[in-house]
Structure formats: structure tokens, C-alpha cells
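Asker: I'd like to go over a predicted model; first the sequence, then the structure.
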Amino acid sequence: EAKRQGSGCRLLFSEDLSASRQQRFAMESRLREALENQQFELYYQPIFELDSCNIVAVEALIRWPQANGEVLMPGAFMPVVEETGLIKPLGDWVLETAARQLKAWHDQGYKLSMAVNVSLNQLHSGCIAESFAALVKPHIDPCWIHLEVTENALMTDPEAIERLLEELHTQGFQLAIDDFGTGYSSLSRLQHLSIQTLKIDRSFINELEKPNSKGAALVSIIQQMAASLNLHTVAEGIETDKQRQILLETAGSNGWGQGFWFSRAIPAQALEARLREQ
Ligand code: C2E
Ligand code: MG
Ligand code: MG
Ligand code: MG
């Protein structure tokens, strides 16, 4: 009896596995098709000065519009993109599209910076710094592009990453640590990395308004540390004006932020409308 049950379990398990594998394959081939047919879209979330609330930069965030009108968020498909080799061509498309869009905005007189997310899997092959520069330079000076790498990505093969960031910076790119404070990097590593910006993870911002919040203390410590290391900060996930004001108190006039309170990520046209209003 036990044996039969055991094999029954195994059967169920392998059927399950193949079903989810099939879904993966289906998703992968749909992703390939979408890439070929240029069906991805970049949305842009404004990054604003905490004091003036002027838009000073935008973050490019990928979206996948579906035939039925639904728009898929990166969480729904980026894991598959990451696992397959697709991250390389898609990452290149993101970077070049962002650079071309930024050039158009600069031509219209909006001198913004553009933050672009880069994942660890994009950084594996050789000559990354040169190939990134080759994608961007025909459109705009790389100094306007802020490449965001998550803290955890910095932890795998630290020396190779340090070298790579240096090469990217030599090409003119600005570099930011994304989701700062959630990963496992040690503070001592900050002194070896050629980065200019820390993006304070939204889990801290989320805590700011809670009474006796340790989050507020942590944010203020991160901001002070950043200031003494000559790093810029961007607070992520600002959802209320109160949070903005608390951040402003500790960051002072050169702090930047982004979040739903100001704006979600929106299509290029909608962002242009916001810029015209400003
Ligand atoms: P991220 O780089 O940390 O981007 C910020 C995420 O937080 C975005 O989610 C944004 O919509 C969301 N967000 C912004 N403000 C708020 C807020 O006030 N409240 C809340 N709850 N959320 C807020 P999104 O667009 O779903 O992107 C998720 C992640 O996917 C990004 O996190 C980034 O790691 C990755 N991603 C997005 N686009 C790309 C891309 O083009 N390439 C790569 N490699 N990764 C990307
Ligand atoms: Mg980011
Ligand atoms: Mg982030
Ligand atoms: Mg994040």
C-alpha cells in the first residue's frame, strides 16, 4: 500500500513538473517572439528633487503589453528572461531604447538623467563596458545614464564586479546600487566600488511614518553615510507627502526620491505631458 502511494506521489510530481516546464517553454517562446517583434515597452517613473519636486531624472522600467490589453509587470516575466539567454538581447534593447528616448527629451530641452536597471546575468560576457558604450554613445553621452545594480548582484565575484564597474565608469556611465540596505554587502565594500548613488530600498521608506520607527533612524544613517562618502541618495517607494518631508529633513536639499506619491511609471508620452506642466 505504502509503495503504491509512493509511486502515485512520484507520478503526480513528475506530471506537475512537466506542466510547469511546458508553461516555461511556452513563455520562453512568447518572449522570443515579443523580442523579435519589438513588443516590449519602457515605462518611465519620474525621479524628483525632494525639496522642489522638480523631475530631474527618470527610471526606465520594462513592461510587456499583451494582445488583450493587459500589461505584464517585470515580476511576471523577468525571472524567465533571466534564466534563459534572453536577458542579453533584451537588456541591450532596454539600454539602447532608453538612450534614444533620453536623446529625444534632451532635444526638447529636458535635461534629465536616465536610470536603467542592469541584472547580474547581463554582466557575464566580456567587453560589457565597451558594448554598453557602443549602444549608448550614438545617442547620448553615457554620463546621463545611471546604471542600477542591486546590492546582491555586487556580492557574487566581488573583484570581477569591482573591475567591471570601474570600466563602466571609465566609459562615462554613472553607477547606482539599487535596493540598498536589503542585500548582504558589507559597508566596507562601498569604499572599493566606483559608484555615485545609493538607492534606499522602499522597505525603509515604508517604515518612516510608524511611531518609534527604527526605519527612520536607518534612513537617516544611510543618508549621513552617503553624504560623508560623497554619494548621492535616491529614496525609493515614497507613497505619502509625510514620507517626503521626513526624508527632506535628513537628506537636505540635494536628496532625490521616487514613488507612487509623485507618480507611477508611465508611458513616454504621459511623462512628456508631466514635463510640460513643470
Ligand atoms: P527596481 O529597479 O527597484 O524598481 C522599482 C520598482 O518599484 C518598480 O517596480 C516600481 O514600479 C516600483 N515602485 C516605484 N515606486 C513605488 C511605490 O511608491 N510603491 C511601491 N509599492 N512600488 C513602487 P516594477 O516596475 O514592477 O519593477 C520591478 C523590478 O524589476 C525593478 O525593481 C527591477 O529590479 C526589475 N526591472 C524592471 N525593469 C527592468 C529592466 O529593464 N531590466 C532589468 N534587468 N530589470 C528590470
Ligand atoms: Mg531600479
Ligand atoms: Mg529598487
Ligand atoms: Mg526593487
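Answerer: Received the coordinates, thanks. Ligands and ions are numbered 1, 2, ... in the order given.
Asker: Tell me who's in contact with Ile87.
Answerer: Residues near Ile87 by C-beta atoms under 8 Å, 6 or more residues apart in numbering: Val81, Ser119, Asn121, Gln122. For the C-beta atoms, the positions are set from N, CA and C on the backbone; glycine is no exception.
Asker: swap the cut-off to 6 Å and go again
Answerer: Val81, Asn121, Gln122 (C-beta atoms under 6 Å, 6 or more residues apart in numbering).
Asker: what's the closest of the residues you listed to ligand 1?
Answerer: Gln122 (6.6 Å; C-beta to the nearest ligand atom).
Asker: Test my guess that the closest one contacts Leu90.
Answerer: No: Gln122 is beyond contact range of Leu90, at 8.9 Å (criterion: C-beta atoms under 6 Å).
Asker: tell me the SS of Leu61?
Answerer: In three-state terms, and counting by DSSP: H, G, I helix; E, B strand; the rest coil, Leu61 is strand.
Asker: Report the beta-bridge partners for it.
Answerer: On the basis of DSSP bridges, Leu61 is bridged to Tyr43.
Asker: What's the separation between it and ligand 1?
Answerer: The spacing between Leu61 and ligand 1, counted by C-beta to the nearest ligand atom, to the nearest Å, is 4 Å.
Asker: and Gln45, that one's in a helix?
Answerer: No: looking at Gln45 with three-state DSSP, it is strand, so not inside a helix.
Asker: Roughly how far does it sit from Arg163?
Answerer: Between Gln45 and Arg163 the distance is 30 Å, computed by C-beta to C-beta, to the nearest Å.
Asker: how about the residues of the chain near ligand 1?
Answerer: Contact residues, the chain versus ligand 1 (C-beta under 6 Å from any ligand atom): 45, 61-62, 73-75, 78, 91, 94, 117-119, 148, 178-179, 202, 236-239, 258-260, 265.
Asker: Might you enumerate the residues of the chain proximal to ligand 3?
Answerer: With C-beta under 5 Å from the ion as the criterion, the chain meets ligand 3 at residues Asp178, Asp179, Glu236.
Asker: 8 Å instead, please
Answerer: Asn117, Glu148, Thr150, Asp178, Asp179, Lys199, Asp201, Arg202, Glu236, Gly237 (C-beta under 8 Å from the ion).
Asker: Emit the ChimeraX select command for whichever of those residues are buried.
Answerer: Of those, the buried ones can be selected in ChimeraX as follows, counting by 16 or more other C-beta atoms under 10 Å:
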select :117,148,150,178,179,199,201,202,236,237
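Asker: Rank the residues of the chain next to ligand 3 by pLDDT and give me only the lowest.
Answerer: Within these, Thr150 has the lowest pLDDT, namely 91.
Asker: For that one, list each beta-bridge partner.
Answerer: Following DSSP bridges, Thr150 is listed with bridge partners Asp178.
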